[in-house]
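[1] need a 3D model of the following:
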Amino acid sequence: MSVREPAPATRGSAEPVRAPIPDSKAIRRVDALDSRLGLYRGGGKYIRKVFPDHWSFMLGEIALYSFITLLLTGVFLTFFFEPSMQEVVYDGSYVPLQGVHMSRAYESTLEISFDVRGGMMIRQVHHWSALVFIAALFVHMFRHFFTGSFRKPREVNWLFGFILLILALLNGFVGYSLPDDLLSGTGLRIASGVVLAIPIIGTYLHFFLFGGEFPGDDAIPRLFTVHVLLVPALMVGLLTIHLILVFYHKHTQFPGAGRTEGNVVGQPFMPVYVAKAGGFFFIVFGITALMGGLVQINPVWSYGPYHPGQVSAGSQPDWYIGFLEGALRLMPNWEVTAWGHTVSLNVLLPAVVVPGILFTILGAYPWIEAWITGDKREHHLLDRPRNMPVRTGLGVAWIAAYGVLWVCGSNDIIATHFHLSINTITWIGRVALLVAPPLAYVVTVRLCKGLQLRDRDKIMHGRETGVIKKLPDGGFVEVHEPLDATARHVLTAHEQYDPLELGPEQDENGVSRRATPAQKLRVRLSRWYFADQVRKPTAGQALVAPDDPAAIEGRHPDHPGTPVAGHRSDA
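    From the prediction side, this is the model:
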């Protein structure tokens with residue numbers, strides 16, 4: 001039942017008379033619930049909270065809905081999976097494996113696949129949801145990276161999202177290892193070697209995880225506890241805090257008409273956003289269910305049970321761990337022996353050091369950029385990636401390094417399918433890992449600056465119309481159409497920074513001022529970060545229509561104080 005409050009009526013000088021709110025059993029029940037829980041008073045102001053309407057904001061929703069699907073299907077699977085390494089003899093429905101010795105974990109996985117009604121589909125939906133979840137997290141995180149939404153006050157929320165990504169990678173690998181089949185067991189054996197390669201603490205950590213020598217009898221039960229209890233609890237907690245901070249800081253938005261650092265333009269949370277989000281959840285869930293029902297993934301019965309003396313041909317992990325596999329395959333066989341101890345650099349560097357550097361830089365980047373630029377202001381308007389070419393180039397270089405390692409995780413498959421030398425592929429991967437990221441950075445920076453020059457040309461000369469006119473002297477010229485004020489605002493709304501300077505060598509009292517090495521490094525990085533900027537044209541340089549008063553005045557119609565085309569420098 002909906003009640004509409006009419007406009008107030010007046011009786012002479014009396015107070016406005018409003019239509020009475022009809023009394024009903026439903027309203028009394030809602031009032032009784034609110035009086036005990038305070039839902040309306042506590043959450044009423046968030047019901048009308050505005051959400052920007054842009055397709056890129058759906059990337060985070062895909063990750064959220066995939067995570068919900070993971071939780072739902074995971075609960076179902078825990079009813080039938082037994083995390084036990086007790087050896088049994090299989091006598092189930094899958095005839096080719098009857099009479100084979102295997103762990104109870106692998107046997108229960110086969111029972112879920114062949115004997116539990118709907119078990120195969122739920123297991124595959126769970127696996128596909130994990131892949132979609134991690135992929136959506138990566139894309140969602142880089143959307144925030146390239147648009148600069150990680151800046152103050154959202155640095156901590158960026159860190160929470162980064163930790164969520166790391167936990168998702170960890171839990172995906174742990175869940176992938178639970179069936180105890182030959183393929184996942186091979187991956188777990190590699191993880192065992194990586195743990196043992198860590199100096200000093202590696203042996204103790206290995207015994208803590210596996211309960212003794214690999215494979216031991218405790219690995220699967222302990223991994224099961226980590227997979228279904230520890231990591232999901234951490235992820236649910238972090239996700240809750242992440243969403244609360246999103247509500248608290250309000251959503252970022254792309255520059256446009258009526259959009260400032262102090263407002264949000266979009267649709268209200270209730271009922272528009274809730275309806276759209278609910279529909280989108282069922283779309284994500286439905287597509288994932290279709291993949292789980294129609295597209296086979298991880299057929300563990302084809303691999304057989306894990307045995308330490310066997311290795312599956314063409315062993316490949318899930319895509320999100322492929323970069324670790326590629327790093328291990330590219331690394332030369334380097335070892336260092338000193339004082340009776342051997343450090344396996346061929347495992348430690350690619351599996352611990354290189355990923356540690358890549359992901360540490362990614363997690364700490366908000367503070368790194370803030371230190372370089374000296375920008376400590378709050379930002380609620382997003383950057384177009386082209387307007388921050390160095391940041392965009394660094395992001396593409398990171399992706400290039402990750403991509404090279406990911407591709408090299410399949411060097412044996414590439415060699416066998418294309419009849420190439422695996423040694424040649426390995427050396428190409430080593431060279432590409434050193435060359436591809438810097439090359440991707442340079443090309444991306446040049447493309448971004450080229451796009452900025454094109455935007456500048458549009459502002460100064462207008463948009464090409466395709467109309468050709470003949471001049472009185474016989475020449476031909478294409479007619480250019482001036483951009484409207486809204487389009488000019490989008491192309492010129494970004495800020496431009498000047499590099500930091502060390503300042504005078506002496507203060508106002510004549511005392512020499514000595515710069516520290518950190519300050520000198522900061523200035524050099526700032527000059528590199530903002531080198532060769534493409535400056536925005538001034539208002540007088542913009543091509544405007546004669547009948548456009550906002551353009552003639554050099555002001556945007558929705559923001560009288562904002563120049564249509566101008567230059568602002570903020571150190």
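[2] top helix in this protein by residue count?
    helix 422-461 (DSSP state H).
[3] that one packs against which elements?
    Applying 3 or more CB pairs under 8 Å, 6 or more residues apart in numbering; DSSP states H and E, one finds that helix 422-461 contacts helix 322-330, helix 389-408, helix 411-418, helix 485-492. The way it works is simple: take the backbone N, C-alpha and C, and place the C-beta from them, glycine included.
[4] and the strands in the stretch 201-350 of the chain?
    For the stretch 201-350 of the chain, the strands defined by DSSP state E, counting those that start in this stretch cover 267-268, 336-338, 341-343.
[5] for residue 94, give me its contacts.
    Residue 94 is in contact with 110, 113, 114, 301, counting by CB atoms under 8 Å, 6 or more residues apart in numbering.
[6] which pair of those residues spans the longest distance?
    Distance extremes for the contacts of residue 94: the farthest pair is 114 and 301 at 7.9 Å, using CB to CB.
[7] those two: which has the busier surroundings?
    Shown here are residue 114 and residue 301; by other CB atoms under 10 Å, residue 301 has more neighbours (17 against 13).
[8] by mean pLDDT, flag the weakest helix or strand of this protein.
    strand 559-563 (a mean of 39; mean pLDDT, DSSP states H and E).
[9] surely residue 270 meets residue 276?
    No: applying CB atoms under 8 Å, one finds residue 270 not in contact with residue 276, separated by 11.3 Å.
[10] mind listing what residue 253 touches?
    52, 54, 259, 264, 265, 266, 380, 381, 382.
[11] can I get these in JSON lines with distance to residue 98 and pLDDT?
    Converted to JSON lines, these look like this (distance: CB to CB, whole Å; pLDDT from 0 to 100):
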{"residue": "52", "distance to residue 98": "58", "pLDDT": "81"}
{"residue": "54", "distance to residue 98": "55", "pLDDT": "81"}
{"residue": "259", "distance to residue 98": "66", "pLDDT": "82"}
{"residue": "264", "distance to residue 98": "62", "pLDDT": "84"}
{"residue": "265", "distance to residue 98": "64", "pLDDT": "83"}
{"residue": "266", "distance to residue 98": "59", "pLDDT": "81"}
{"residue": "380", "distance to residue 98": "63", "pLDDT": "90"}
{"residue": "381", "distance to residue 98": "64", "pLDDT": "90"}
{"residue": "382", "distance to residue 98": "59", "pLDDT": "91"}
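[12] ok now do residue 211, which residues does it touch?
    217, 218, 219, 222.
[13] so what strands line up beside the longest strand along the chain?
    Identified as the longest strand of the chain according to DSSP state E is strand 463-470. Strand 463-470 pairs in its sheet with strand 476-481 (antiparallel), by DSSP bridges.
[14] then the partner strand to PDB, C-alphas only?
    Backbone C-alpha positions of strand 476-481 (Å, rounded to 0.1, in the frame of the first residue of the first chain) are rendered in PDB as follows:
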ATOM      1  CA  PHE A 476      38.100  23.000 -50.800                       C
ATOM      2  CA  VAL A 477      37.800  23.000 -47.000                       C
ATOM      3  CA  GLU A 478      35.900  20.700 -44.600                       C
ATOM      4  CA  VAL A 479      33.400  22.400 -42.300                       C
ATOM      5  CA  HIS A 480      34.100  22.000 -38.600                       C
ATOM      6  CA  GLU A 481      31.200  22.200 -36.100                       C
END
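[15] and it, average pLDDT?
    Throughout strand 476-481, pLDDT has a mean value of 84.
[16] which other residues reach it?
    Residues contacting strand 476-481 (CB under 8 Å, 6+ apart): 461, 462, 463, 464, 465, 466, 467, 468, 469, 470, 471, 543.
[17] possible to save the residues you listed as JSON lines with pLDDT?
    JSON lines is the format used below for the contacts of strand 476-481 (pLDDT from 0 to 100):
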{"residue": "461", "pLDDT": "85"}
{"residue": "462", "pLDDT": "85"}
{"residue": "463", "pLDDT": "85"}
{"residue": "464", "pLDDT": "84"}
{"residue": "465", "pLDDT": "83"}
{"residue": "466", "pLDDT": "84"}
{"residue": "467", "pLDDT": "87"}
{"residue": "468", "pLDDT": "88"}
{"residue": "469", "pLDDT": "88"}
{"residue": "470", "pLDDT": "85"}
{"residue": "471", "pLDDT": "83"}
{"residue": "543", "pLDDT": "76"}
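[18] helices of the stretch 51-200 of the chain, start to end?
    Using DSSP state H, counting those that start in this stretch, the helices assigned to the stretch 51-200 of the chain run over residues 58-78, 104-114, 119-147, 155-177, 182-197.
[19] dump the helices and strands packed on helix 422-461 into JSON lines; add mean pLDDT, mean neighbour count and distance to residue 375 as well.
    Converted to JSON lines, the helices and strands packed on helix 422-461 look like this (pLDDT from 0 to 100; neighbours: other CB atoms under 10 Å; distance: least, CB to CB, whole Å):
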{"stretch": "helix 322-330", "mean pLDDT": "92", "mean neighbour count": "22", "distance to residue 375": "32"}
{"stretch": "helix 389-408", "mean pLDDT": "94", "mean neighbour count": "21", "distance to residue 375": "12"}
{"stretch": "helix 411-418", "mean pLDDT": "90", "mean neighbour count": "14", "distance to residue 375": "43"}
{"stretch": "helix 485-492", "mean pLDDT": "83", "mean neighbour count": "21", "distance to residue 375": "19"}
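[20] quick one: closest of the ones you listed to residue 61.
    Closest approach to residue 61 among those (CB to CB): helix 389-408, 21.8 Å.
[21] now that closest one: how far from the chain's centre is it?
    In terms of CA atoms, centre = their mean, to the nearest Å, the centre of helix 389-408 is found 14 Å from the chain centre.
[22] many thanks, have a good one.
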